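[1] need a 3D model of the sequence below.
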Amino acid sequence: MSFRFEEVMLHVRTATRETHYRAVFAPGLNIIEAPNSWGKSTLVQSLVYGLGLEGAFSASHLSPLGEAMSSVIDLSDQREAVVESSVTLTLLNDHGTHLRSRRYARSLAYESSLVQTWAADSLDALSGAEERDFYVREPGAASHELGFHRLLEDFIGLELPTVPGFNGDEVKLYLEVLLPLFYVEQKYGWAGLAPRVPTHYRIRSPYRRAAEYVLGLRNLERLKETDRLRAKLAGLQEEWATTGRDLNAVLVRQGWSLAHPLDEAVASGERGLPEIGILRESQFIDAADEIGRMRSEAQAMLGAPPPTAGVRTAIAQHELRETEVEAGRLAGRLRLHREAAARAAADVDVLRSRQRDLESDRARLVDVRKLERLGSEIGAASLEDAHCPTCAQDLDAQQVATGLVLDVSANLTLLAAEKATLDRMTSSAQRDVAMAEGAADSLAAQLGELRARIRSLKDELSGPSGAPSVAEIERRIVLGERARVGEIELAQAHEHLERMQRAAVSMARVRDRLQLLRSEAESGADAQTVDRLRSRFVAALRRFGLRSLPVGEITIGSESLLPEHDGFELTFDIRHGLSASDAIRTKWAYYVALTRTVNEIDGAKPLGVLIMDEPRQQEAEMTSVRALYQELAAAAAGSQVIVASSAPAHELDDLLSGLPAHRLPGGGTHMFSAD
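    As a prediction, the model looks like this:
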């Protein structure tokens, strides 16, 4: 599951001539040795460009190669415009397959997104292999059949996962995100301590995801599982809320209620779902029984002809009086519920206003605390003079029970507790509004039916005595329709309850799984891998001679997987007092430790290469550089290491003494020479 470079061929054509440069790499440690301005960086960058991975360092689609490959080239003291240039790489994977790829940096015939490839089981067979064309730096290059990075991923033997993105979706962990963990370019790569992992691929915590993948840590799986469960929980919560609103709408329409409150704990527990019914004079009547009674009464009425109005006169007069009394009673109850809804809504407005004020108070106190941390005595002075840090008003000790004023931190703690209380009160008031409005809507519907009944009874009493009773006919129709609709709505209500129960049970299971994931510490294998990385890193720091900080105080963070000091990510700034040369030593140590750890751990996913362009920065001492090359030689036992150096040959002789290394000396003043 890795690859190495076998050779690179750089070709440049002008209007009058052609030139090229060819470098052959060996397994293990390779040293490109040439003076400054010879073209070492161009040669190293061509390895990245040939793989189509320059997106690791910039979202730009401009060629990262030097002007000799992109615009003009100096040949025999004559400057000529570049007409065509290309990079041809030959790679070898663990299975012994050779892959040759050619990509143009400048051409009139070929776009830079085109990659020509040939594959064979031996170098000699490549010349007769069939050409296959792919594309790169275009949408689909990492996933489609003709995408070059999909081919490259298969060739290396990687199975890149999808990882959490910024918008809640999942994004592929692209090769461009992995490369900076094994490549340090000269221009910007040595700035800072952490690898310069690209952020334009919309991956959350891209370095962490890349390091987890190459180290083979299970945390990536836990993270993906956690995100999946959170998304599922959010969907279940939305289903619970939506179904609850649908259930409440049915209850309001029918004037029903639940025998006991329904929440997630009730729905997911052993206690059965609440019965649906009518609360009448402190007695709970099952809705199914009430519907059955109405159905039986309606059927009994249908079996006899409706009485005449004259026969029903006394009954109608009594019903009219009773109905008017009931309507008046319901109207009074409706008014009370609407007043209760208005009061609850006013409470919500007051509570929300207080929440806004509380947040403003909190922001002001946080700013005061910031000033205190910076050394300001304004906040402390205001407290000493009995000034409220929130409203800035004078405080009389008589107004304070203890005679003392709370400091800023205590006020913040108090505000946090008050906010939690206000949040609960607001939620309760909002529930009161919903309940009062629901009850008012139900009463309004019942009152409408009663008023319609009153009109029918009055029409009956004022009409001909021999005519059929209009009120009785209407009652039969209404009773039968209410029974029919009630059966339908009761079935819907039960379906809503069952859906809420299923959602509650699923939510309980998801929460249990999330709790297990949260409480699950790093697996034993993960801990061993991070410990191996940490020990390699610290050992390398000691060998490189770090002096700005005690080596024993520096570690690799279990969460960040980056160098840390005193609980903070190690950076080159005044807080840590890290010198420029020690920052370089720290970066050496990190790259060497990561490469060696990935090579040694079962289940890790190494790329198989480590590339450093001019690692001797900030005039690092020769003893440190010698230790670096020794560490690189050790890393080269499992990965191909390519180093570009401008050190003189005699200096490299000393640095590489006794180390197995393949040296590629650059002749002349520039890598290109006219044919």
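[2] got the CA coordinates for the host helix or strand of R13 in PDB?
    According to DSSP states H and E, R13 maps onto strand 3-14. Output of strand 3-14 as PDB, limited to C-alpha atoms (Å, rounded to 0.1, in the frame of the first residue of the first chain):
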ATOM      1  CA  PHE A   3       4.500   3.700  -4.200                       C
ATOM      2  CA  ARG A   4       7.900   5.200  -5.100                       C
ATOM      3  CA  PHE A   5       9.300   7.300  -7.900                       C
ATOM      4  CA  GLU A   6      11.500   5.500 -10.400                       C
ATOM      5  CA  GLU A   7      12.300   8.400 -12.700                       C
ATOM      6  CA  VAL A   8      11.200  11.900 -13.700                       C
ATOM      7  CA  MET A   9      11.700  13.400 -17.200                       C
ATOM      8  CA  LEU A  10      11.300  17.100 -17.700                       C
ATOM      9  CA  HIS A  11      11.000  18.200 -21.400                       C
ATOM     10  CA  VAL A  12      11.000  21.700 -22.800                       C
ATOM     11  CA  ARG A  13      10.600  22.800 -26.400                       C
ATOM     12  CA  THR A  14      11.200  26.300 -27.800                       C
END
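[3] distance between whichever helix or strand comes after that strand and the chain's centre?
    As assigned by DSSP H and E, the chain's next helix or strand after strand 3-14 is strand 18-24. Centroid separation between strand 18-24 and its chain, computed with Cα atoms, centre = their mean, to the nearest Å, is 45 Å.
[4] what about the helices in the stretch 101-250 of the chain?
    For the stretch 101-250 of the chain, the helices defined by DSSP state H, counting those that start in this stretch occupy 123-126, 148-156, 175-178, 206-215, 219-254.
[5] what does the model give A68 for pLDDT?
    A68 carries a pLDDT score of 86 in this model.
[6] check which helix or strand P64 maps to.
    Judged by DSSP H and E, P64 forms part of no helix or strand.
[7] nearest residue to it other than its sequence neighbours?
    Using Cβ to Cβ, 6 or more residues apart in numbering and skipping residues adjacent in sequence, the residue nearest P64 is E54, 4.7 Å away. Where you see a C-beta, it was placed from the backbone N, CA and C, and this is true even at glycine.
[8] tally of neighbours for the one you found?
    For E54, the tally of surrounding residues (other Cβ atoms under 10 Å) stands at 24.
[9] please apply the same query to Y49.
    Neighbours around Y49, by other Cβ under 10 Å: 23.
[10] just the pLDDT at it, thanks.
    94.
[11] quick check, it in contact with S63.
    Yes - here Y49 lies in contact with S63, judged by Cβ atoms under 8 Å, at a distance of 7.0 Å.
[12] so what sits against both of the two?
    Both Y49 and S63 are contacted by A105, under the criterion Cβ atoms under 8 Å, 6 or more residues apart in numbering.
[13] list the residues that contact the closest residue to H11 other than its chain neighbours.
    Sequence neighbours aside, H20 is the residue nearest to H11 in space, at 4.5 Å (criterion: Cβ to Cβ, 6+ apart). Applying Cβ under 8 Å, 6+ apart to H20 gives the contacts 9-12, 672, 675.
[14] which element is R663 on?
    Taking DSSP H and E as the criterion, R663 maps to strand 661-665.
[15] give me the contact list for that strand.
    Identification of contacts with strand 661-665 by Cβ under 8 Å, 6+ apart yields 23-26, 28-34, 629, 633, 649, 652, 656.
[16] show the buried residues in the residues you listed.
    Those of these that meet the buried threshold are 23, 25-26, 28-34, 629, 633, 652, 656, by 16 or more other Cβ atoms under 10 Å.
[17] now do the helices in the stretch 401-550 of the chain.
    In the stretch 401-550 of the chain, helices defined by DSSP H, counting those that start in this stretch lie at 408-462, 470-519, 524-544, listed in chain order.
[18] just say which of the ones you listed is most tucked in.
    Of all the helices of the stretch 401-550 of the chain, helix 524-544 has the most neighbours on average by mean count of other Cβ atoms under 10 Å, namely a mean of 18.
[19] give me the contacts around that helix.
    215-219, 521-522, 551-552, 554-556, 558, 561, 563, 585-586, 588-590, 592-594, 596-597, 600-601, 603-604, 624, 627-628, 630-631.
[20] distance between that helix and the chain's centre?
    Its chain's C-alpha centre and that of helix 524-544 lie 28 Å apart, by Cα atoms, centre = their mean.
[21] quick one, that helix and helix 219-254 angle?
    Relative orientation of helix 524-544 versus helix 219-254 (axes from the mean of the first three to the mean of the last three Cα atoms, to 10 degrees): 140 degrees.
[22] flag the shaky bits of the stretch 51-200 of the chain, pLDDT-wise.
    Flagging of the stretch 51-200 of the chain using pLDDT under 70 yields the residue ranges 168.
[23] quick revisit: partners of the strand holding R13 in the sheet?
    Strand 3-14 sits in its sheet next to strand 18-24 (antiparallel), strand 78-93 (antiparallel), going by DSSP bridges.
[24] deepest of the ones you listed, which one?
    Counting by mean count of other Cβ under 10 Å, strand 78-93 has the highest mean neighbour count of these, with a mean of 18.
[25] got the CA coordinates for it in PDB?
    Extracted in PDB, the C-alpha atoms of strand 78-93 (Å, rounded to 0.1, in the frame of the first residue of the first chain):
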ATOM      1  CA  GLN A  78      20.000  33.100 -25.000                       C
ATOM      2  CA  ARG A  79      16.500  33.600 -23.600                       C
ATOM      3  CA  GLU A  80      13.700  31.800 -25.600                       C
ATOM      4  CA  ALA A  81      10.000  31.400 -25.100                       C
ATOM      5  CA  VAL A  82       8.700  28.000 -24.100                       C
ATOM      6  CA  VAL A  83       6.400  26.500 -26.700                       C
ATOM      7  CA  GLU A  84       5.800  23.200 -25.000                       C
ATOM      8  CA  SER A  85       6.800  21.600 -21.700                       C
ATOM      9  CA  SER A  86       5.900  18.400 -20.000                       C
ATOM     10  CA  VAL A  87       6.600  16.200 -16.900                       C
ATOM     11  CA  THR A  88       6.800  12.500 -17.300                       C
ATOM     12  CA  LEU A  89       6.900  10.300 -14.200                       C
ATOM     13  CA  THR A  90       7.500   6.600 -13.800                       C
ATOM     14  CA  LEU A  91       6.100   5.100 -10.600                       C
ATOM     15  CA  LEU A  92       6.400   1.600  -9.000                       C
ATOM     16  CA  ASN A  93       3.900   0.200  -6.500                       C
END
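[26] low-confidence stretches in the stretch 451-600 of the chain?
    460, 463-474, 477, 518-524, 567, 571-577.
[27] mind running it again at 90?
    Within the stretch 451-600 of the chain, the stretches with pLDDT under 90 are 451-487, 489-490, 498, 501-502, 504-505, 508, 511-531, 544-586, 600.
[28] right, and Q492 touches V250 too?
    Yes - the criterion here is Cβ under 8 Å, and Q492 meets it with V250 at 5.7 Å.
[29] now the longest helix along the chain against helix 470-519, angle please.
    Counting by DSSP state H, the longest helix found in the chain is helix 313-373. Using the same axes, to 10 degrees, the direction of helix 313-373 lies 20 degrees away from that of helix 470-519.
[30] domain assignment for the chain?
    Listed by automatic domain parsing, the domain ranges of the chain are 3-218+523-665, 236-355+406-519.
[31] quick one: which of those is nearest R362?
    Closest of the domains of the chain to R362 is domain 236-355+406-519, at 5.1 Å (criterion: Cβ to Cβ).
[32] now T421: how far from L351?
    Separation of T421 from L351 (Cβ to Cβ, to the nearest Å): 10 Å.
[33] no wait, G557
    Using Cβ to Cβ, one obtains 42 Å as the distance from G557 to L351.
[34] for L517, same thing?
    35 Å.
[35] quick one on the thing from earlier: buried residues in the strand holding R13?
    By 16+ other Cβ under 10 Å, the buried positions in strand 3-14 come out as 3-6, 8-14.
[36] packing partners of the helix or strand where L610 lies?
    Assigned by DSSP H and E, L610 belongs to strand 609-613. Secondary-structure packing of strand 609-613 (3 or more Cβ pairs under 8 Å, 6 or more residues apart in numbering; DSSP states H and E): strand 3-14, helix 40-50, strand 183-184, helix 580-600, helix 622-635, strand 640-645.
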